[in-house]
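J.: Requesting a structural model of the entry that follows:
(one chain, ligands or ions: 2)
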Amino acid sequence: MEEWIIYKEFRFEAAHKLPHHEGKCRRLHGHSWIGRVHIKGNALQTAGSQKDMILDFGILSEYLKPLVEDFLDHHYLNETTGLENPTSEAIARWIYEKLEVLGLPGLHAVEIHETCTSGCVYRKM
Ligand SMILES: Nc1nc2c(c(=O)[nH]1)N=C([C@H](O)[C@H](O)COP(=O)(O)OP(=O)(O)OP(=O)(O)O)CN2
Ligand SMILES: [Zn+2]
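T.: Ligands and ions are numbered 1, 2, ... in the order given. The predicted structure follows:
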């Protein structure tokens, strides 16, 4: 059995606040967020334009573009995602579930880096 995990990185600038947090994060603040969507596959495609690929990175970008533009980049995440407390954990799950509804093949995990030193990886078991 073989396994490949490929990923596409995406970046966005966005504001949020965590109203339940006891420290500074309850105040409105922003980050340069970095996300990665991970796709898992057990076999490479055998013919066509995606030969020897799990999924063309360009296709992954097409799934991500509307999410980033309409909900994430230069947006206020508490409003656009509908999450009352948009932690990294909640945002990663929110992105995963959006991509799941869109039918992204092989969806494995969504990774979010909120700061240079903090982030999370979400996947469904
Ligand atoms: N488990 C989580 N903890 C925290 C989250 C989160 O989403 N999940 N978010 C925050 C804040 O939003 C904050 O912006 C990030 O926190 P932190 O990493 O503590 O930020 P610093 O820049 O202060 O980190 P240092 O590397 O220590 O300078 C808080 N917690
Ligand atoms: Zn924050």
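J.: need the contact list for residue 28.
T.: 15-17 (CB atoms under 8 Å, 6 or more residues apart in numbering). All C-beta spots, glycine's among them, are computed from the backbone N, C-alpha and C.
J.: Could you tell me whether residue 71 really is in a helix?
T.: Yes: counting by DSSP: H, G, I helix; E, B strand; the rest coil, residue 71 falls inside a helix.
J.: where exactly do the strands run in the protein?
T.: 4-16, 29-41, 75-76, 107-113, 119-122 (DSSP state E).
J.: quick one, which of the ones you listed is packed in tightest?
T.: Most buried of the strands of the chain, by mean neighbour count (mean count of other CB atoms under 10 Å): strand 107-113, with a mean of 20.
J.: Please see if that strand touches ligand 1.
T.: No: on the criterion CB under 6 Å from any ligand atom, strand 107-113 is out of touch with ligand 1, staying 8.3 Å away.
J.: so that strand versus strand 4-16, what angle?
T.: 40 degrees (axes from the mean of the first three to the mean of the last three CA atoms, to 10 degrees).
J.: Kindly check the end-to-end length of stretch 62-77 for me.
T.: Stretch 62-77 stretches 21 Å from its first residue to its last (CA to CA, to the nearest Å).
J.: From residue 53, how far out is the residue of the chain most remote from its centre?
T.: The outermost residue of the chain relative to its centre, with distances by CA atoms, centre = their mean, is residue 47 at 28.9 Å. For residue 47, the distance to residue 53 equals 11 Å [CB to CB, to the nearest Å].
J.: Can you pull the residues of the chain lying near ligand 1?
T.: 18, 25, 87-89, 114-115, 117-118.
J.: isn't residue 63 right up against residue 100?
T.: No: the criterion here is CB atoms under 8 Å, and residue 63 misses it with residue 100 at 10.7 Å.
J.: quick one: which of the two has more around it?
T.: residue 63 (19 against 12; other CB atoms under 10 Å).
J.: hang on, isn't residue 110 packed against residue 33?
T.: No: applying CB under 8 Å, one finds residue 110 not in contact with residue 33, separated by 11.8 Å.
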